[in-house]
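Visitor: After the sequence you'll find the predicted model.
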Amino acid sequence: MDLADGLGLEDDELVSFVGAGGKKTAIGHLVAEADDRGLDAGYTTSVQMPPPPDVPLALVDSDCVSADVDELSAPVALASARVSDPDRVDKKVRGYAPGVLDSVFADGRFDWLLVKADGARMREFKAPGADEPPIPTASTVVVPVVSVRAVGRPLTDDVAHRVERVERCAPLSAGEEITTTAVGHVLAHPGGGLKNVPADATVVPIVNKADTATLERRATDVLSAALERTSRFDRGLVTSFETGRLVVVK
């Protein structure tokens, strides 16, 4: 699998991931690919994230991140602080406002600045809330992610984050079976996968967890439905990080 090639990444990119079902795994994969290419990667968030297990974590205050980042060795994960909740202090870190990340990218310390720009509470599928997602305006690539394993399941809080928002983006009501068409609608909707995406960013959706041939076909159907509904996508990716599957759908 060469995820960077699938996304069309070059040597100077700010890549923001939104949605649900594989953001952290995809970012971790790109960190490794950057290392293979001899590129410096920074991994951070505009929301919160678990400290990545395979990347050193640097806690740098928002007010001095642009100055201090030059002293860090890449790859590195950046966060402003650990969360204050004592039950989660070792499990989550806080990130930076989008404008701070725009400045970090402009400073040029990292070839790839990889940003988790959305939270999904471990669900397979989501549509963003009123104040989501906080995507840096300097993002060169935005990647809306969804898990194909949502397809065929009822639209409930167990599967989808913000069910009421999904209902606004797709011909689907709470409790009904999630279809490939409905997922495609959410990916392509201005209030779904395209919400807050900078006008000049390339947008490449990923339908993840296509671990079998059957799931790959469903994921392809999701992307076909999405590609029919917007000109912002010129392609999408079907992925399985479990099996190394990557299929480009145009």
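Guide: Cool, the structure landed.

Visitor: Now do stretch 143-151: distance from first to last residue.
Guide: Chord length of stretch 143-151, first to last residue, is 19 Å (C-alpha to C-alpha, to the nearest Å).

Visitor: Contacts for it, please.
Guide: Residues outside stretch 143-151 that contact it (C-beta atoms under 8 Å, 6 or more residues apart in numbering): 7, 15-23, 26, 124-126, 159-160, 178-180, 183, 186-187, 192-194, 203-210, 215, 218-219, 222, 238. Yep, even glycine has a C-beta here, placed from its N, CA and C like the rest.

Visitor: Could I get the contacting residues of A4?
Guide: For A4, the contact set (C-beta under 8 Å, 6+ apart) comprises L30, E33, A34, R37.

Visitor: picking up where we left off before, in helices only, show me the contacts of stretch 143-151.
Guide: Among those, the members falling in helices are L7, K23, A26, T180, V183, V186, L187, L215, R218, A219, V222 (criterion: DSSP state H).

Visitor: List just the nearest of those to R94.
Guide: Using C-beta to C-beta, K23 comes nearest to R94 of the ones in helices among the contacts of stretch 143-151, at 16.5 Å.

Visitor: quick check, V143 in a strand?
Guide: Yes: the assignment for V143 is a strand, going by DSSP: H, G, I helix; E, B strand; the rest coil.

Visitor: which one is it nearest to, not counting chain neighbours?
Guide: Closest residue in space to V143, ignoring its immediate chain neighbours: F17 at 4.8 Å, by C-beta to C-beta, 6 or more residues apart in numbering.

Visitor: can I get the CA coordinates of stretch 156-164 in CSV?
Guide: Taking Å, rounded to 0.1, in the frame of the first residue of the first chain, the C-alpha atoms of stretch 156-164 are listed here in CSV:
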residue,chain,number,x,y,z
THR,A,156,-28.0,4.4,15.7
ASP,A,157,-25.6,6.0,18.1
ASP,A,158,-23.7,2.7,18.4
VAL,A,159,-22.6,3.1,14.7
ALA,A,160,-22.8,6.8,13.9
HIS,A,161,-21.6,9.9,15.7
ARG,A,162,-24.2,12.7,15.5
VAL,A,163,-27.1,10.7,14.1
GLU,A,164,-29.2,13.8,13.7
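
Visitor: Give me the buried stretch members for it, please.
Guide: Buried residues in stretch 156-164, counted by 16 or more other C-beta atoms under 10 Å: V159, A160, H161, R162, V163.

Visitor: show me the contacts for the residue nearest to L3 when sequence neighbours are not counted.
Guide: Leaving aside its sequence neighbours, L3 sits nearest to H29 (C-beta to C-beta, 6+ apart; 5.2 Å). Contact partners of H29, counting by C-beta under 8 Å, 6+ apart, are M1, L3, F241.
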